[in-house]
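> show me how the following folds:
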Amino acid sequence: MDQGIGDLKKYIAYLRDIKKFSPHTIKAYGIDIRQFLEYFSQQRLEPTRANVRAFIAHIFARSRNKATTARKIYAVRSFYGFLVRSGALAHNPLEGLSSPKQERRIPRILTEGELQEFLDALPEENFLQLRNKALFEFLYATGLRVSELTGLRAGDIHLRDRLLRVLGKGRKERIVPFHEQAAAVMGRYLRCLRAEFPACGDRVFVNHRGGSLTPRSVERILKAAYHGLSRSQPHVHPHLLRHSFATHLLQRGANLRAIQELLGHSSLATTEKYTSLNLSDLMRTYRKFHPRDGAGHE
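Below is the predicted model:
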C-alpha cells in the first residue's frame, strides 16, 4: 500500500505538472485510484486480471452506476499505464478490460427563444449586474467552458476584431470569435471594471471584492439570475449554455468540424453528441407536425 501511495503521488505530480490537468480532475483521479489501492490492500490481493474484474464487479454493485464505474476504470487504467511507461511495472493489469457500456445521454439545452429572453432581460444598473450580463453573454456567444471563462485575462480579449484567445484543456490554445452584441456588453463591463477595481490587475471576471471569480460562483450566480427572472427550467448550469451554443449552431447549418474547433474538443467523437441532440429535435418536430404521424395528435 505504501508503495502504491508513493506511485500515486508521482502520478498526481505528472497530471499536474506535465499534463496540466485541472485541480478538479486531479482530485477525482486521486480518489478513484486510492479506492482501488485500498481495496487490494485490505483484501491482500495482487492486481491480477481476475482480481481486477472482481474489483469492477464490487464497485458496480455498490454504485449501480455505469458512468461512475467506467470513470474509475479509466482513472486506474491511466495510472497503471503511467507506471508501465515509467518502467515501474512490466504490464498494465487493466489493459484490454472493457468498461460497462453506457447509454449515450443527449445534453439538455435551452431553446434560442429561452436564451434570447433571458439575456435580454438581464439588468445592468450596477457593476455586479453588468458583470453577470457579460458572463452569460460570453458563455453563450463563445461556448467556453466556465473554467476557461473565469481564467480569461484582459490581453486574451480583442474587442475590435471580436476574437478571444482561450487556453483550454491540456493547455491547448485556440481562437474563438464572438458577436457584436457580446463585444458591446464586454466593452461596457471592462470600462466599469477599471473604474470599480483599478488594482485588480489583468483579471477579467472578479467577485464583489475584486478577487478571482470561481467556476462554482458562476454556477450559483447563473442559478440565482435565471430563477430570479421566473424561468421554469428546473436545473440550469453554465455547461447548459455551452450545450445550447453548440446545438443552435448545428441546427442553423454549422459544420461539425468547425463546432469541434470552437468548443476545443480534441476528438470529433465528443462533438458528435450534438448531432444526436439535433436528430432528437427533428424527430419531435416531425411527430408533432406531420399530418400522417399520429404520435402527437389527440
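
> please count neighbours and contacts with C-alpha atoms only from this point.
Will do.

> tally of neighbours for Glu219?
Using other CA atoms under 10 Å, Glu219 has 16 other residues around it.

> same check, this time on Gly6
Gly6: 10 neighbours (other CA under 10 Å).

> what helix or strand is it on?
helix 2-17 (DSSP states H and E).

> state the mean pLDDT of that helix.
The average pLDDT within helix 2-17 is 83.

> now do stretch 120-139
95.

> give me phi/psi at Leu119?
phi -70, psi -40 (degrees, to the nearest 10).

> begin at 33, not 1, for the rest of this chat.
With the count now opening at 33, the last piece we talked about shows up as Leu151.

> helix or strand right after the helix holding Gly38?
Using DSSP H and E, the helix or strand that follows helix 34-49 in sequence is helix 55-75.

> which strands or helices does that following helix pack on?
Contact analysis of helix 55-75 by 3 or more CA pairs under 8 Å, 6 or more residues apart in numbering; DSSP states H and E lists helix 34-49, helix 98-117 as its packing neighbours.

> between helix 98-117 and that helix, find me the angle.
Going by axes from the mean of the first three to the mean of the last three CA atoms, to 10 degrees, helix 55-75 is angled at 80 degrees with respect to helix 98-117.

> quick one: contacts for Ile141?
For Ile141, the contact set (CA atoms under 8 Å, 6 or more residues apart in numbering) comprises Leu272, Leu273, His275, Ser276, Thr279.

> show the pLDDT at the second one.
This points to Leu273. Leu273 carries a pLDDT score of 92 in this model.

> how close does it get to Ser298?
Per CA to CA, to the nearest Å, Leu273 is found 20 Å from Ser298.

> and the helices and strands packed on helix 55-75: which comes nearest Ala153?
helix 98-117 (37.2 Å; CA to CA).

> mind exporting the closest one as CSV, just the C-alpha atoms?
Output in CSV follows, covering the C-alpha atoms of helix 98-117 (Å, rounded to 0.1, in the frame of the first residue of the first chain):
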residue,chain,number,x,y,z
LYS,A,98,-22.2,2.6,-15.3
ALA,A,99,-20.8,6.0,-15.8
THR,A,100,-19.2,6.1,-12.3
THR,A,101,-17.7,2.6,-12.8
ALA,A,102,-16.4,3.5,-16.2
ARG,A,103,-14.7,6.6,-14.8
LYS,A,104,-13.0,4.7,-12.1
ILE,A,105,-11.7,2.1,-14.5
TYR,A,106,-10.4,4.8,-16.8
ALA,A,107,-8.6,6.5,-13.9
VAL,A,108,-6.9,3.3,-12.7
ARG,A,109,-6.0,2.2,-16.2
SER,A,110,-4.3,5.5,-16.9
PHE,A,111,-2.4,5.2,-13.6
TYR,A,112,-1.1,1.8,-14.4
GLY,A,113,-0.3,3.0,-17.9
PHE,A,114,1.9,5.7,-16.4
LEU,A,115,3.7,3.1,-14.2
VAL,A,116,4.4,0.9,-17.3
ARG,A,117,5.7,3.9,-19.3
